[in-house]
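Asker: I'll drop the sequence and a predicted model, then ask my questions.
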Amino acid sequence: MMNTVKNGTRPIQKNQVRRINWLRWIVGISTGLFLLYRIILMVIRPTYGPVYWLGFLNTGLIVGGMYSLIAIGYTLVYGVMSLINFAHGDIMMLGCFAGFFTFEFLNYLPSGDSSFLNNHPILSILFAFIMGTGVSMLSGYFLEKLAYRPLRNSKIRLAPLISAVGASIFLETSAQILFGATKKTYKNPDLLARGSGWNIQMDGGMIVITKTGVFSLLMAIILMIALYLFVQKTKLGKSIRAVSQDKMTAQLMGINLDRVTSQTFLISGFLAGASGVMWGIHNGLFNHYVGFLPGIKAFTAAVLGGIGNIPGAMVGGMVLGIVESVGPAFLGIDFQLKDVIAFAILILVLILKPSGLFGKSSGSVEKV
Amino acid sequence: MKKSIFFVLCVLLLTSVLTVGAADMSRCDADGGCAVIEPGNTIKIGMAGPITGEYAMYGADISDAMKISIDELAPLDGFEWELLAEDTLGSAEAAVSVANKWITDESLVAVAGNVLTGESAAVIPIFEGASIPMLSPSATGANLTEDNAVFNRVVFQDAAQGKFAAEFIVNQLGLTKVAVLHDGLDYGKGIADVVRDTLISLGVEPVAYEALTPGEADYTAVLTAIASKSPEIIYYGGYTAELSVVANQLSQVGMAGVPVFSDDGAFGSEFIEKAGANAEGCYGTSSIPADSPEKIAFDQKYEEVLGRVAGSKSSFAWFAYDVIKALSTVISETAFLGDDGNLYVPRAEMVNNVRNLSGFQGITGEITCNEVGECNASGPTFYIVTDGAWVVAN
């Protein structure tokens, strides 16, 4: 890269690069030393017993799994369209509502001596996921058709982004008007009752590994593996990767850009819908704003892992979830500052490796 | 100009000299003079607040309850009572113009307001200049009563409930392992800080003091940190939404059955709806007074007159009722009948007497003003969730 610059600006650029390298070294070393100091301190004077660390990790893994699923949606769309789909969190919200209404309906449906929900819990959960992912896929598909496609060749580069923010507000307010602003509670089947699970006792302390948590984490891992295989092995996956590498050449090779874009939105909608249903099953209370915070966090996770990179989004989500729950305890600071830690990690990663954890440093190679 | 002022002064002096007789008109010489109610006129108490608009539920409910209260009053020396209810829409500007209108009214004796904190702060200097006492049923913001002699209130300050709650936890419940949790916002953190400080002053060091981020759906991390200190009770300063999540997730961190004690921002049926069985045994704080014969009588009358249940529109109806009763008591004690048949209320004495009000028994408990005009002596009422409903905790 540097050799291609031939005019007088070269020395200045070189200078800047060198200074940033210095900054990286300083930041890297001081962060490393600080973490070492905290680890030593934690070993000498532990503030929490081992069982509680397990509790923090448990919380982090569960929320991290959901962040990962949503982050993949951001990263896929970014790879194909170079667009941050800010309405992605609200696609997840629609999935959450769809799952909620499915459970409500199945709970109302009589079957034998109790409701369908409790007589056929596995089938019910499957239905909820089908409905949740279906609604999210459809809304993602139409969102792209209505809000993004007309602006794809717009001269104003920010137009699709503004459209995304507008779509997000539109979806949130529509859900508020349709379903009301009060928080609703997911009616889980008894098999997956919230709060129930396996007690882990150690040194007088006790935490609960919840069934809903284990279920969510397993679902997230299964979906992530499935998605990875899908993108690597199938024809559609190959076309998505081709488009994200080079749109022009991909089109010349006979790939239909419109179709690949639509299909990408279907896939990202599927993952968002699944995480919406998982969110409802695990956390219970939700309303039309449920997608906002996870959306922002997952976007952060996608950037953390390297936007456009699928394994990066997976790892980024997990790292963000774990840092959020373990970080405050580890650093011995207030839990309200967990977002500060999460975003400090983001800044650190971007300073040390500007393209994200898994991103390639030179811009033009594979993004997905 | 000068001549006319001199003339007016002469007339005033002459009348005051002439009227010194049986009634001690010198009481009217102090700052602000006297409120004068001529025969046939009414003793007026002002009430200004948002009767329409965004905060209408407070102003409308308070003015309705005050009308019920003032209609019950017996005439004082043949003078009828009247409530002047003025709409401010909750804005300070409108409240200022209402106040400026009132201070020109000779027969306005006291102000039962204002309703909101902001508008109260705006009109305090005006009423202080005119020596008209205020007794608010609902302005809860901090520091309103300080640095002035006229403003008093029968509601407790937001944070003051923390003191009563901490004393309740230690003295009534006898618990010593208390964790304090809040949402970091002014209201919640303010109360939680008072709880923590009061606990320490009572010799109980809180086992944990943590904050959560409002608006989230998963607080198990911060609850795990609290669980590691195995508290007997958790005090939560904040609102219903987060309290419900906290109550629901206690069992996930091995704290099932540990009660949560919360403030009046989180009080209400919504918490029980959202937390269901997990709400059982949790404590709440409310300004809604415990049942007494007087309260039941008022509730019945309220429903008869207004066609709704007391407390359904705002939780200030009982305070509004008490404010009028307390003000009328002070006015009756301060007023005197002049020889000319007019009723005189010395304004400076009135200001003093409202601030020194003590031992007045209202339906919200004892009203005794301290030196800075905080008049709620009995504090809030504590409730506990039993069988899916809030009942008074003893």
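Answerer: Right, received. Where do you want to start?
Asker: where does chain B have low pLDDT?
Answerer: Residue ranges of chain B with pLDDT under 70: B:1-22.
Asker: who in it is up against chain A?
Answerer: By the rule C-beta under 8 Å from any C-beta of the partner chain, the part of chain B lying against chain A is B:184, B:210-213, B:215-218, B:220-222, B:224-225, B:227-228, B:230, B:241, B:244-245, B:248-249, B:251-254, B:256, B:274, B:276, B:278. C-beta: built from backbone N, CA, C; applies to glycine.
Asker: can you select the buried ones from these in PyMOL?
Answerer: Entered in PyMOL, the line below selects the buried ones among the residues of chain B next to chain A, by 16 or more other C-beta atoms under 10 Å in any protein chain shown:
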select buried, chain B and resi 184+210+211+212+213+216+217+218+220+221+222+224+225+227+228+230+241+244+245+248+249+251+252+253+254+274+278
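Asker: mind checking which helix or strand B:A221 is in?
Answerer: If you go by DSSP states H and E, B:A221 is part of helix B:220-227.
Asker: make that A:L106, sorry
Answerer: helix A:88-108.
Asker: that helix near chain B anywhere?
Answerer: No. Helix A:88-108 lies out of reach of chain B by C-beta under 8 Å from any C-beta, never closer than 10.3 Å.
Asker: isn't A:L171 up against A:M92?
Answerer: No. Using C-beta atoms under 8 Å, A:L171 is not in contact with A:M92; the gap is 10.2 Å.
Asker: tell me which of the two has more neighbours.
Answerer: Using other C-beta atoms under 10 Å in any protein chain shown as the criterion, A:L171 and A:M92 rank with A:M92 on top: 31 against 20.
Asker: per-residue confidence at that one?
Answerer: For A:M92, the model assigns a pLDDT of 94.
Asker: roughly how far apart are it and A:A128?
Answerer: Per C-beta to C-beta, to the nearest Å, A:M92 is found 14 Å from A:A128.
Asker: then B:G257?
Answerer: Counting by C-beta to C-beta - B:G257 and A:A128 are separated by 31 Å.
Asker: which is the next helix or strand following the helix holding A:L106?
Answerer: According to DSSP H and E, the helix or strand after helix A:88-108 is strand A:110-111.
Asker: mind listing residues that contact that next one?
Answerer: A:F116, A:N119, A:H120 (C-beta atoms under 8 Å, 6 or more residues apart in numbering or on different chains).
Asker: list the neighbouring strands of the next helix or strand after that strand plus their orientation.
Answerer: Counting by DSSP H and E, the element after strand A:110-111 in chain order, helix or strand, is strand A:114-115. In the sheet, strand A:114-115 lines up against strand A:110-111 (antiparallel) (DSSP bridges).
Asker: and the helices in chain B?
Answerer: B:2-19, B:56-71, B:92-102, B:117-130, B:160-167, B:186-201, B:220-227, B:240-249, B:269-275, B:293-306, B:317-334, B:347-355 (DSSP state H).
Asker: may I see the buried residues of the second one?
Answerer: Right, the one you point to is helix B:56-71. Residues of helix B:56-71 classed as buried: B:56, B:58-70 (neighbour count, 16+ other C-beta under 10 Å).
Asker: do the fourth one as well
Answerer: Neighbour counts over helix B:117-130 (16+ other C-beta under 10 Å) mark B:T117, B:G118, B:E119, B:S120, B:A121, B:A122, B:V123, B:I124, B:I126, B:F127, B:E128, B:A130 as buried.
Asker: now swap in the third one and tell me
Answerer: If you call a residue buried by 16+ other C-beta under 10 Å, then helix B:92-102 has these buried ones: B:A94, B:A95, B:V96, B:V98, B:A99, B:W102.
Asker: over to stretch A:81-91?
Answerer: A:M81, A:L83, A:I84, A:N85, A:F86, A:A87, A:H88, A:G89, A:D90, A:I91.
Asker: just name the closest of those residues to A:L320, please.
Answerer: Proximity of those to A:L320 (C-beta to C-beta) peaks at A:G89, which lies at 14.4 Å.
Asker: what's the helix or strand for the residue nearest to the closest one when sequence neighbours are not counted?
Answerer: Excluding its sequence neighbours, the residue lying closest to A:G89 (C-beta to C-beta, 6 or more residues apart in numbering or on different chains) is A:G295, at 2.0 Å. Assigned by DSSP H and E, A:G295 belongs to helix A:292-305.
Asker: may I have that helix as PDB, with CA atoms only?
Answerer: What follows is helix A:292-305 as a C-alpha-only set of coordinates in PDB (Å, rounded to 0.1, in the frame of the first residue of the first chain):
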ATOM      1  CA  PHE A 292     -33.100  -2.300  20.800                       C
ATOM      2  CA  LEU A 293     -30.400  -3.100  23.300                       C
ATOM      3  CA  PRO A 294     -29.500  -6.600  22.000                       C
ATOM      4  CA  GLY A 295     -29.300  -5.000  18.500                       C
ATOM      5  CA  ILE A 296     -26.800  -2.400  19.600                       C
ATOM      6  CA  LYS A 297     -24.800  -4.900  21.600                       C
ATOM      7  CA  ALA A 298     -24.800  -7.400  18.700                       C
ATOM      8  CA  PHE A 299     -23.700  -4.700  16.300                       C
ATOM      9  CA  THR A 300     -20.800  -4.000  18.700                       C
ATOM     10  CA  ALA A 301     -20.100  -7.700  18.800                       C
ATOM     11  CA  ALA A 302     -20.000  -7.800  15.000                       C
ATOM     12  CA  VAL A 303     -17.500  -4.900  14.900                       C
ATOM     13  CA  LEU A 304     -15.500  -6.500  17.700                       C
ATOM     14  CA  GLY A 305     -15.100  -9.700  15.700                       C
END
